[in-house]
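Engineer: the following block contains a protein sequence and its predicted model.
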Protein chains: 2
Amino acid sequence: MLKWMSSRYSLDVFFYPRNVAIVGATRNPAKPAYYITENLVRLGFTGKIYPINPNANEILGLKCYPSLEDVPDDIDLVISLVPAPATLNVVKESAEKGVKGIVVIGGGFSEGGEVGGELEKKISEILRKTGMRLLGPNTLSPINPSNNLIVSFRGMKELKKGSLAFCFQSGMYEPKLGWIFNGLHLGVSKIIDVGNKLDVNEVDVLEYLSRDDETKVIALHIENIKGDSRRFMELLKETVKKKPVIIVKGGRTSMGAKASLTHTGSLSGGSYTIFEAALKQAGAIHAQTLEEFFDFAKVFEFLKPPAGNRVAIITLSGGEGVIAVDCCEENGFKLAELKKETVEQLRKVYPPWNIPSNPFDMGPCIEFHGNAKVCKTALDSISRDENVDCIVIQLPAFVPPPELDEVVKSFLRLKEVGKPAVIWRATMGRQEDRIVEELERNYIPVYPSVERAIKALGKLYKYKVFLEKVEGKT
Amino acid sequence: MLKWMSSRYSLDVFFYPRNVAIVGATRNPAKPAYYITENLVRLGFTGKIYPINPNANEILGLKCYPSLEDVPDDIDLVISLVPAPATLNVVKESAEKGVKGIVVIGGGFSEGGEVGGELEKKISEILRKTGMRLLGPNTLSPINPSNNLIVSFRGMKELKKGSLAFCFQSGMYEPKLGWIFNGLHLGVSKIIDVGNKLDVNEVDVLEYLSRDDETKVIALHIENIKGDSRRFMELLKETVKKKPVIIVKGGRTSMGAKASLTHTGSLSGGSYTIFEAALKQAGAIHAQTLEEFFDFAKVFEFLKPPAGNRVAIITLSGGEGVIAVDCCEENGFKLAELKKETVEQLRKVYPPWNIPSNPFDMGPCIEFHGNAKVCKTALDSISRDENVDCIVIQLPAFVPPPELDEVVKSFLRLKEVGKPAVIWRATMGRQEDRIVEELERNYIPVYPSVERAIKALGKLYKYKVFLEKVEGKT
């Protein structure tokens, strides 16, 4: 028996189907729908693929079937690419075939007014009778890098497997998909877009991800709670004790809530202040912006929380050092007092007129001793200082190529020490991209600004404090 | 008579010197100091350059002089590259030579403790007696793209002339310099780093930039007010009536203030809350982070304020549309109600089950009609709608190359209409970099996220409202 058959509430059918039937599959590469089949074939989805199209014999080397009923196999998951009015029929046929789950990609349901609303009602009735689960309508998901299951309109180069699960209430992640893997270097366990939430909603998803062993961090974008909101909050409280849950909300304002109704047919309800307070009480990590959402996701996927709040700052200029210190105070850190031995080490690369301290300004040191030597001295000695719990470091800019490897090595050695280190870039210039890529592939997170780096590290530290409080209570 | 001789308070000597003498010039490209001369020569500083070095006859094709006194010309500006203890002598010789201004680059003065403090006192005494002005110590500036005057330790490719003046209290901008021009695409009138502010301080700079015709926008990074803080606030109030002043502060917290003392020898004083309130009252644009500092600088350099607060949103997904609407409400905008004619136009590319509205979701439209047609229809009709004062647009992602030119053209036409438009990127991927570059070269600002785009536009609108209030009063 498959894992997903063990629970009425499980969403395993959407992430671990033995096979997938694509209704409305096309051979025409000019159509976005083409990539639904193409990605599965090229990236090597581990299950079987059955394209359904009465006007084709073969698609991308796969035998094509005129209808679901012609497929000589039980079908776990159907992906429906047909327009809204034809969807009811696909749902009916799926039910007759004994399909376990169906993904409805197209729009034009409840967000399209009365007719679409009627359609949703009829579909719901079938689901209720059969127990078949439905994702969407108006979704572009799921994605599961562990078996290369992917539903996307874009040809994806690769999926990076990791421990981060994303749930969206919109296809908004879709243009960002390649960038999530190759620009942000995030590793993903699952991505799901609940769309109009006709059946599967954020409560189901949270429950599922909470129990999913492959998921260590959950990141949720929500506009409203369509399921039982009390259940959602209870689940949230239980889940955050096991794994961090990052939440960003669309529809915070009255204008935004109204716009939310238009695009998914759901009114994003309730006061944002109350919602914020509830999240805080539950121990969820609240992102105020999309940048924060991804920033926090990265820090939780990449790092273990620091043992304490004593931070060391390594910077390229006094000015950014001061701003870093401000951010540290604002995010609950105190400045680590460097040990005498560390100061002795740092003195070797420091201007003679001053005593090295925290923040440590590499700027004048690099002028005289070069990037390689200064990074080695500063990073090695500071990361090994027992008075230091965590480190924030500005990435050297304009490193001459012969020094580059040594600089990168110094950063990579931070992983051996094991203390969390977050890096910030001096610029977003391409010169640094190579270093960033290498660091992030090794789970050293690099942020575009000092404020964002420290805020992310602060969330990690606060989560640890939260967990300690919770554990102390029980 | 030169312009800068007309006022005792003018800093023209630092930006428009007829000639520059570099004390401590070097022929060794391995030393950062090499680039002080190299940049001036290669980028073509319009004045004369006199390298001073007793051990060289010639540097980069320029005749080299053993000392200042040997230069057969009056000298306007001296750039001193010698270590702190030798600086007093350079200042003395400069005073004897009748030099008008001196830039002291090295550190090790008041930020280096008692000895450095003594040194500063002796130098101050000479300045007081002669009226010679001094920038620094501990500075890496000035920069003036209009005559290619540049003081930098890095070989710069090019300087982009524009109307934005930056003042920093740190060399923090220095690693970002190339990126300011080529990554952020900002155009600059002047950059000055006041360093330890032994003589020239933020009050002098604000006064100077306030009167500078080449400067339309002022961006100040400050840690403390070393000059007369009442005068600073008065100046600020007067200046913002003529041109926007963006301010970011380092040393907001007590820990940060202490760190500020270490790196420039000045304690960043006073309560941040009071400082914030004073900025607000004066009408300055307050940036909370370095990202905001550059974000706001860009919007003010690139755009004229909108006539009103009726905003139209064009997005790639409903989800980011909702977040955009939230941001609009939070930043003082209301959603423009599109005219019937505009809706008619949009309907041509919209899914049949729905009526186009604001925010306008290009996502499903692009699926069926492609990027080129959808961008043309949406941008042309919405920007020309009389009910729309300003526009926020998400940049299409993954545009197929044959459509790219048409998409860019649609965006560039926004400039013809004249209404301010801010763009946000779906990702930071390189696929979009080419479009971003072309748009920003044409003064269409592109931001990394929807929140940042709308916040910047909001500052522009609020500044307009502020000006109207001020004008109403007088």
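Structural biologist: Structure's in. What do you need?
Engineer: would you list every one of the strands in the stretch 251-400 of chain A?
Structural biologist: For the stretch 251-400 of chain A, the strands defined by DSSP state E, counting those that start in this stretch occupy A:285-287, A:310-315, A:334-335, A:360-361, A:390-394.
Engineer: can I get the ones you listed in a markdown table with distance to B:Thr139, mean pLDDT and mean neighbour count?
Structural biologist: (Each C-beta comes from the backbone N, C-alpha and C, glycine too.) As requested, those are arranged in a markdown table below (distance: least, C-beta to C-beta, whole Å; pLDDT from 0 to 100; neighbours: other C-beta atoms under 10 Å in any protein chain shown):
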| stretch | distance to B:Thr139 | mean pLDDT | mean neighbour count |
| --- | --- | --- | --- |
| strand A:285-287 | 38 | 98 | 23 |
| strand A:310-315 | 17 | 98 | 26 |
| strand A:334-335 | 26 | 98 | 18 |
| strand A:360-361 | 15 | 96 | 28 |
| strand A:390-394 | 20 | 98 | 26 |
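Engineer: for these, give me a markdown table that also has distance to chain B.
Structural biologist: Formatted as a markdown table, these follow (distance: least, C-beta to the nearest C-beta, whole Å):
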| stretch | distance to chain B |
| --- | --- |
| strand A:285-287 | 11 |
| strand A:310-315 | 8 |
| strand A:334-335 | 6 |
| strand A:360-361 | 6 |
| strand A:390-394 | 8 |
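Engineer: got JSON lines for those strands, with distance to B:Thr130 too?
Structural biologist: Below are these laid out as JSON lines (distance: least, C-beta to C-beta, whole Å):
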{"stretch": "strand A:285-287", "distance to B:Thr130": "57"}
{"stretch": "strand A:310-315", "distance to B:Thr130": "36"}
{"stretch": "strand A:334-335", "distance to B:Thr130": "42"}
{"stretch": "strand A:360-361", "distance to B:Thr130": "33"}
{"stretch": "strand A:390-394", "distance to B:Thr130": "39"}
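Engineer: which residues of the stretch 151-300 of chain A lie near chain B?
Structural biologist: A:153-154, A:168-172, A:174-176, A:178-179, A:182-183, A:221, A:223, A:250-256, A:258-260, A:262-264, A:268, A:289-291 (C-beta under 8 Å from any C-beta of the partner chain).
Engineer: what does the stretch 301-450 of chain A put close to chain B?
Structural biologist: Taking C-beta under 8 Å from any C-beta as the criterion, the stretch 301-450 of chain A approaches chain B at residues A:316-323, A:325-326, A:328-330, A:334-335, A:351-354, A:357, A:359, A:361, A:363-364, A:367, A:397-398, A:426-429, A:448-450.
Engineer: what about 7 Å?
Structural biologist: Those residues of the stretch 301-450 of chain A that sit near chain B, judged by C-beta under 7 Å from any C-beta of the partner chain, are A:316-323, A:325-326, A:328-330, A:335, A:351, A:353-354, A:357, A:359, A:361, A:363-364, A:367, A:397-398, A:426-429, A:449-450.
Engineer: for chain A, give me the ranges with low pLDDT.
Structural biologist: For chain A, the stretches flagged by pLDDT under 70 are A:1-9, A:263-270, A:473-474.
Engineer: show me the domain layout of it.
Structural biologist: For chain A, the structural domains run A:3-299, A:304-470, going by automatic domain parsing.
Engineer: what's the closest of the ones you listed to B:Leu209?
Structural biologist: Set against B:Leu209 and scored by C-beta to C-beta, the domains of chain A come closest in domain A:304-470, at 18.8 Å.
Engineer: ends of the closest one, how far apart?
Structural biologist: Taking C-alpha to C-alpha, to the nearest Å, domain A:304-470 runs 18 Å from one end to the other.
Engineer: helices of the stretch 101-250 of chain A, start to end?
Structural biologist: With DSSP state H, counting those that start in this stretch as the definition, the stretch 101-250 of chain A shows helices at residue ranges A:114-130, A:177-182, A:202-211, A:229-242.
Engineer: in CSV: these, plus mean neighbour count.
Structural biologist: Formatted as CSV, these follow (neighbours: other C-beta atoms under 10 Å in any protein chain shown):
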stretch, mean neighbour count
helix A:114-130, 15
helix A:177-182, 21
helix A:202-211, 22
helix A:229-242, 16
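Engineer: export these to CSV and tack on distance to B:Ala421?
Structural biologist: Output for those, formatted as CSV (distance: least, C-beta to C-beta, whole Å):
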stretch, distance to B:Ala421
helix A:114-130, 32
helix A:177-182, 23
helix A:202-211, 34
helix A:229-242, 38
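Engineer: nearest to B:Lys63, of these?
Structural biologist: Nearest of the helices of the stretch 101-250 of chain A (C-beta to C-beta): helix A:177-182, 53.0 Å.
Engineer: so what's the gap between the closest one and the chain middle?
Structural biologist: For helix A:177-182, the separation from the chain centroid amounts to 10 Å (computed by C-alpha atoms, centre = their mean, to the nearest Å).
Engineer: can you list contacts of it?
Structural biologist: Residues outside helix A:177-182 that contact it (C-beta atoms under 7 Å, 6 or more residues apart in numbering or on different chains) are A:Ser152, A:Arg154, A:Met156, A:Lys157, A:Glu158, A:Leu159, A:Lys160, A:Leu186, B:Thr427, B:Met428, B:Gly429.
Engineer: so what are the sheet partners of the biggest strand by length in chain A and their directions?
Structural biologist: When chain A is parsed with DSSP state E, its longest strand is strand A:161-168. Sheet pairing for strand A:161-168, assigned by DSSP bridges, gives strand A:188-193 (parallel), strand A:217-222 (parallel).
Engineer: would you turn these into TSV with mean neighbour count?
Structural biologist: Output for the strands paired with strand A:161-168, formatted as TSV (neighbours: other C-beta under 10 Å):
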stretch	mean neighbour count
strand A:188-193	26
strand A:217-222	27
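Engineer: would you list the ones you listed in CSV and tack on distance to A:Val343?
Structural biologist: Rendered in CSV, the data for these read as follows (distance: least, C-beta to C-beta, whole Å):
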stretch, distance to A:Val343
strand A:188-193, 43
strand A:217-222, 37
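Engineer: what are the buried residues along stretch A:76-89?
Structural biologist: A:Asp76, A:Leu77, A:Val78, A:Ile79, A:Ser80, A:Leu81, A:Val82, A:Ala84, A:Thr87, A:Leu88 (16 or more other C-beta atoms under 10 Å in any protein chain shown).
Engineer: tell me which two in these are the farthest apart.
Structural biologist: Farthest pair in the buried residues of stretch A:76-89 (C-beta to C-beta) is A:Asp76 and A:Ala84. Separation: 23.7 Å.
Engineer: ignoring the adjacent residues along the chain, who's closest to the residue of the stretch 101-250 of chain A found nearest chain B?
Structural biologist: Using C-beta to the nearest C-beta, A:Ser170 is the residue of the stretch 101-250 of chain A that sits closest to chain B, at 2.4 Å. Distances taken as C-beta to C-beta, 6 or more residues apart in numbering or on different chains place B:Gly319 nearest to A:Ser170, at 2.4 Å, with adjacent residues excluded.
Engineer: can you get me a residue count around the one you found?
Structural biologist: A total of 28 residues lie near B:Gly319 under the criterion other C-beta atoms under 10 Å in any protein chain shown.
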